[in-house]
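**Student:** Starting from these lines, generate the structure:
(2 chains)
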Amino acid sequence: MRLRSISTVINAPASPPFMAGDATGAGDAWGQLMAAGQDGHGGAYHRLLGELSVWLHRYFARRLPSGDVDDAVQETLFAVHRRRHTYDPRQPFGPWLAAIAKHKWIDQLRSLGRRPQEELPDDMTVACHEAAVTSASVLASLLDELRPAQARVILLVKVQGYGIDDAARATGLSPSAVKMNIHRGLARLATLVENHDDLD
Amino acid sequence: MTSTDALILQLSSGLPPVKRRRVSRDAAALLALGAVELALVVLTAGLRPDMGRVIGAPFMIWKIGSLGVLAGLCCAVAIRSFAPPTSRARNLKIVLGLAVLAIVASLTVTPPVDLARPLMERLAPAHGLICAGAIVALSLPLMVMLGVLMRRAAPVSPRRSALASGLAAATTGALIFTVRCPMNDPLYIVTWYTLGVAIVSATARWLLPRRFRL
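**Tutor:** Alright, predicted model coming up:
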């Protein structure tokens, strides 16, 4: 039951899942653009990357804090570019892209845990906080799978943008305990996502 | 223009054609290396002296048959895991399940004469360590090749692909070694071959994903 709920959250699409083609092979417009890109057609490839960036932005906006979305999109575009020779045009493009995007999501979760906790600028507005909370809805749902202390500090610091000291005051933990819970919680989250194959 | 737009422009400008990865090419390269290793073992160390007599014996059919199936399956799982979307934990679980089945099947092919011998005599540790070492030595070139193939492709679960590569290299190395290994007792085979496979798999799992970036 618990595993099913995780799968549901991980598989939550960034609708529409694949705006070009049905991702099943026939009529896979992105697959055709990629095949043209593999043959060296820069125009088709430029169009493909442009459309992918829109989809990836939606995908990561639901899975990462808003400040990390652009990085994740660009990292994924780089990976798509570096590994484009591994796409088989006889296969649907959607699962190929989704697997790479999921890998980059896991990478970003791990790097979030390693990154030093930055303080928010004084002029950060409440609207930005609200956007961050709603935009990382999949991430926030996945936090249910963590220990409550880990989930709470990740939500406060990584999703809502509070500083370590603020989170420590809000939770009654020491700043070092907050940092440790963030690090361990994000590592656990990355492993949780990695071990679920359903998105492949 | 946003930084993402600039990146897209940069990536798509002066785009060179790429040679598509083919699973069959990777498999052929691995098969060729395995054939070279087999030829080297036969030419330098020779077949086990009684090969002609034991080749049809149940323990030999079990040894070569189970290792052949495991090696083929592990190589397929590893090579397929090198590019999306195929990289499923379920595939590795099937491999491990088959390995357990092969170990259980060994009980049915143990010659009665071996069952009566003392345990330490059956295990022959001094000889067993040499066998495990030979399997590791035969597996290393295969592991290196699989590592190169993996890093050139797009393994979306690098640690899983690395483990599959280690299992593929080790089971193939062990299969090649069966032409020379003079031991017949399934308990010996299970013990020391498993040790060799475990060493190679652990090494691959630790080494191959290091500093890999998709």
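
**Student:** Without its sequence neighbours, what residue ends up closest to residue B:133?
**Tutor:** Nearest residue to residue B:133, sequence neighbours excluded (Cβ to Cβ, 6 or more residues apart in numbering or on different chains): residue B:196, at 7.5 Å. Using the backbone N, CA and C atoms, a C-beta is placed for each residue, glycine as well.

**Student:** tell me the contacts of that neighbour?
**Tutor:** Going by Cβ atoms under 8 Å, 6 or more residues apart in numbering or on different chains, residue B:196 touches B:131-136, B:139, B:170, B:173-174.

**Student:** and residue B:104, how many residues sit next to it?
**Tutor:** 10 (other Cβ atoms under 10 Å in any protein chain shown).

**Student:** swap in residue B:115?
**Tutor:** If we define neighbours as other Cβ under 10 Å, then residue B:115 has 11 of them.

**Student:** how far is the least confident helix or strand in chain B by mean pLDDT from where the chain is centred?
**Tutor:** Ranked by mean pLDDT, DSSP states H and E, the weakest helix or strand in chain B is helix B:112-115, scoring a mean of 81. Relative to its parent chain, helix B:112-115 has a centroid offset of 30 Å by Cα atoms, centre = their mean, to the nearest Å.

**Student:** ok, and what's touching it?
**Tutor:** Looking at what lies outside helix B:112-115 - Cβ under 8 Å, 6+ apart - the contacts are B:122, B:184-187.

**Student:** re the thing from before, tell me the secondary structure for the residue nearest to residue B:133?
**Tutor:** Following DSSP: H, G, I helix; E, B strand; the rest coil, residue B:196 is assigned to helix.

**Student:** returning to that earlier point: which of the contacts of helix B:112-115 has the largest number of neighbours?
**Tutor:** Most surrounded of the contacts of helix B:112-115: other Cβ under 10 Å gives residue B:186, at 25 neighbours.

**Student:** can I assume that one is in contact with residue B:104?
**Tutor:** No - if you go by Cβ atoms under 8 Å, residue B:186 and residue B:104 don't touch, sitting 10.5 Å apart.

**Student:** if we can go back for a sec, so which of the contacts of helix B:112-115 are in helices?
**Tutor:** B:122, B:186-187 (DSSP state H).

**Student:** Count the neighbours of residue B:40 for me.
**Tutor:** 12.

**Student:** Now do the helix ranked longest in chain B: which elements does it pack against?
**Tutor:** Ranked by residue count and defined by DSSP H, the top helix of chain B is helix B:125-152. Helix B:125-152 sits against helix B:23-44, helix B:58-80, helix B:158-177, helix B:194-207, with contacts defined as 3 or more Cβ pairs under 8 Å, 6 or more residues apart in numbering or on different chains; DSSP states H and E.

**Student:** Could I get the buried residue list for the shortest one?
**Tutor:** When you say that, I think you mean helix B:194-207. B:194-197, B:199-201, B:203-205 (16 or more other Cβ atoms under 10 Å in any protein chain shown).

**Student:** check which helix or strand covers residue 53.
**Tutor:** Reading this off chain A. Using DSSP states H and E, residue A:53 maps to helix A:42-61.

**Student:** not what I meant, chain B
**Tutor:** Using DSSP H and E, residue B:53 falls in helix B:51-54.
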